Each structure stands twice: as structure tokens, then as C-alpha cells.
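Enquirer: Sequence and predicted model, in that order:
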Amino acid sequence: MTVDVLPALRAKARAAAHSAAAEVCVCGTDTTVLADRPDGTVVRHAGTVAKAHASDTDPAELTVRMSVAANPELTGVLLPPLSPTAVELHGRPVTFWPYGTPVDRDDPDAAPWEEAAALLAYLHRTPQSVLPPGLPPMRGPAKAARAIARLHAAGPHPAAAPVLRAWAVLPAWARNEAPMPDTRTLCHGDLHLGQLVRAQAGDWLLIDIDDLGRGDPAWDLARPAAWFACGLLPPDEWARFLTAYRKAAGPAVPADSDPWPALDVPARALTVQTAALAIAKSVAEQRPLDEVEMSVIDACDRMSAHPPELADGFAK
């Protein structure tokens, strides 16, 4: 039976927001639930955010990832935790963070594409000397494989076939069946605009270190690249993102030539991941697929007919 972690997590957030762990809060501020999913339950009290990570989170790997976020060398790139260590709550590790203002989903014209790209470039240029021993691989391919597992668990679905065909033609590393070809670069592992917050100082910062680790930096550009390829991200927004990444000397793509040999495999993997999750969610919610979800599945159908361009060094 799954334990409801919310009541205790609210109390933890209140206690962390006030230096004394008083049972009665007198600040007049409510505790707000920001997310409540199996992979992360997040609450806010005043300026403090408490996150209960997934129950299968590796404590040692989380500690290493937290140390990266707390490293002064990454000030201005990653949101630093309020405490460098996690506490346990009902078998789930809980971490504490300062609150930051998220991207406004209702104002797409104000989306900080340039800021996101620059932050990624700075993250990818982190010197090897800053990376701590034991930093695990970034979890992008593992999340894609988990999405495929969810698709299988959802049962037969008429839209599943093209998604599984597109998955089958990916190289083994993109399916999390072999080591990544590049493990020198610090990567976020799950980049989208929901992973940015504006700190009190007004600067944008990257959040969510659950998937942080060594890996192929192209994976961090894969979601916007996939959206662009599927027609879900306008060309000018993609151009803004890619231009800003290159201007900040990001190493994932060439500075002045075709970026797609580097982006093709990760973008395909993110397209398959998105499609697999869309089908699994539609089954769970007992609803038909919507137009956006179908566009991603249609992209999988096109991809499955054309094997990916494998850049130099990619597993074949």
C-alpha cells in the first residue's frame, strides 16, 4: 500500500521554512502542493520547497547529485539546495530547496529559450575537475526505456506499433541497453522549460537534479529538437534556442555546421518517449489521444521507416 506522504511532507516544509521546528506555524502562509506524482512529491511553504523523491531513488547517487548542485563552481547555473543532505520520510528521501518562480505556461511568448540554452551550455562546459567521484550517468536513456515499459504495461493499443518500431531502430545506448558513447560531460538529463525557475535575484536557474550526471550533452537539446521536428515548436523559437546555445559555446553541436548528426538519435528517443507516455496516460485516463499526441505518434511512424543518422562515435 502506498503511504500518503503529503501530510508529513507539509510538516517538513513548514519546519524547514522556520528555523525552529515548531508544530504550530504562525506565519500565516499556507503549504502549497506543487506536484504529487510517484516520481516526485513537491510542496512549498513560504520560501522553502520540500521534495520527496521517488521511493527507488539511490541515496548515494542522490547525495552525489546534491553535491554538484551545491558546488560554488555551478553558482548561477543550478539552483543550490538549502541542505546538502536528504532526510528520509516513509521510505522516500526528502530534499529542501529555495523557492523560485517557474516559467509562466500561459505566456509562451515570454518563454526563456535563450536563457535555457545558455544555462545548458554553461552546465555542459563544467570542467572535469568539478565533477565528484561516483557521479552516475545522466538518466535520459533510462527514462526513455521506462516510458517504453509503461507503454507495454498499459496493454495493447492501436497506436503503439509505430512507437515500438521507432524504438527498435535506435542504437542500443539510446535504449539504455549499452553505455553512452560520451560520459565526459555534465548533463541535466531531463531538460524542458518546467526545469527553470527565476531566483530572488532575478536570474533563471536549472532545477531538478534527479537525472543529472555524465553523458551525451546532445540529449539535453533533444526535447526542443524533437518538438521542432514534430512541428510543435515554431522554427523561430528553435532557432533562438540553438543560436543561444552555440553563442555560449555549448559543446553538444558543431558551432557552424549541421547540428542534426549529433541531435538525430537523442531527438528520436525523446519523440518515442513522449509518444509512449502519451499512449500510457490516455489508457490510464480512458480517453482518446489528442491532436498533439497523435502528431508525435505520426512522427514515430515516419521515423521507423528511416533509420537514424549515426554521428561519429555512436553505437551502431
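Expert: Done, it's in.

Enquirer: residue ranges for the strands of this structure, please.
Expert: 31-37, 40-45, 48-53, 87-89, 92-98, 101-102, 185-187, 196-198, 204-206, 213-215 (DSSP state E).

Enquirer: any chance of those in CSV, plus mean neighbour count, distance to residue 128 and mean pLDDT?
Expert: Placement of C-beta: from N, CA and C, glycine included. Below are those laid out as CSV (neighbours: other C-beta atoms under 10 Å; distance: least, C-beta to C-beta, whole Å; pLDDT from 0 to 100):
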stretch, mean neighbour count, distance to residue 128, mean pLDDT
strand 31-37, 14, 33, 87
strand 40-45, 21, 29, 90
strand 48-53, 24, 27, 93
strand 87-89, 14, 31, 90
strand 92-98, 21, 25, 94
strand 101-102, 13, 32, 94
strand 185-187, 26, 9, 98
strand 196-198, 19, 25, 95
strand 204-206, 22, 19, 97
strand 213-215, 24, 10, 97
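
Enquirer: Distance to residue 61 added to those, as a markdown table?
Expert: Below are these laid out as a markdown table (distance: least, C-beta to C-beta, whole Å):
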| stretch | distance to residue 61 |
| --- | --- |
| strand 31-37 | 20 |
| strand 40-45 | 15 |
| strand 48-53 | 11 |
| strand 87-89 | 15 |
| strand 92-98 | 10 |
| strand 101-102 | 25 |
| strand 185-187 | 14 |
| strand 196-198 | 23 |
| strand 204-206 | 18 |
| strand 213-215 | 8 |
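
Enquirer: right, and these - which one's nearest residue 277?
Expert: The minimum distance between residue 277 and the strands of the chain falls on strand 31-37, with 12.1 Å, by C-beta to C-beta.

Enquirer: Just the angle for the closest one relative to strand 40-45, thanks.
Expert: Our comparison of strand 31-37 with strand 40-45, counting by axes from the mean of the first three to the mean of the last three C-alpha atoms, to 10 degrees, yields an angle of 170 degrees.

Enquirer: tell me what strand 31-37 is packed against?
Expert: helix 6-17, strand 40-45 (3 or more C-beta pairs under 8 Å, 6 or more residues apart in numbering; DSSP states H and E).

Enquirer: circling back to that earlier point, to residue 257, which of the strands of the chain lies closest?
Expert: Closest among those, once you apply C-beta to C-beta, is strand 185-187, at 19.3 Å.

Enquirer: The closest one pairs with which strands?
Expert: strand 213-215 (antiparallel) (DSSP bridges).

Enquirer: How far off centre is the partner strand?
Expert: Here strand 213-215 is found 13 Å from its chain centre; the criterion is C-alpha atoms, centre = their mean, to the nearest Å.

Enquirer: on that earlier part again, using a markdown table, lay out the helices and strands packed on strand 31-37 together with distance to residue 223.
Expert: Formatted as a markdown table, those follow (distance: least, C-beta to C-beta, whole Å):
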| stretch | distance to residue 223 |
| --- | --- |
| helix 6-17 | 28 |
| strand 40-45 | 18 |
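
Enquirer: quick one, which of the ones you listed is nearest to residue 224?
Expert: Of the helices and strands packed on strand 31-37, nearest to residue 224 by C-beta to C-beta is strand 40-45, at 22.0 Å.

Enquirer: Kindly export the closest one (C-alpha atoms) in PDB.
Expert: What follows is strand 40-45, C-alpha atoms only, in PDB (Å, rounded to 0.1, in the frame of the first residue of the first chain):
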ATOM      1  CA  GLY A  40       8.300  13.300  -7.000                       C
ATOM      2  CA  THR A  41       6.000  15.000  -4.500                       C
ATOM      3  CA  VAL A  42       6.800  18.700  -4.000                       C
ATOM      4  CA  VAL A  43       5.400  21.200  -1.500                       C
ATOM      5  CA  ARG A  44       6.100  24.800  -0.800                       C
ATOM      6  CA  HIS A  45       5.900  26.700   2.500                       C
END
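
Enquirer: residues in contact with that strand?
Expert: Residues from elsewhere that reach strand 40-45 (C-beta atoms under 8 Å, 6 or more residues apart in numbering): 5-6, 9-10, 13-14, 16-17, 25, 29-36, 49-54, 92, 99, 210.

Enquirer: tell me how far that strand is from the chain's mean position?
Expert: The answer for strand 40-45 is 17 Å, by C-alpha atoms, centre = their mean.
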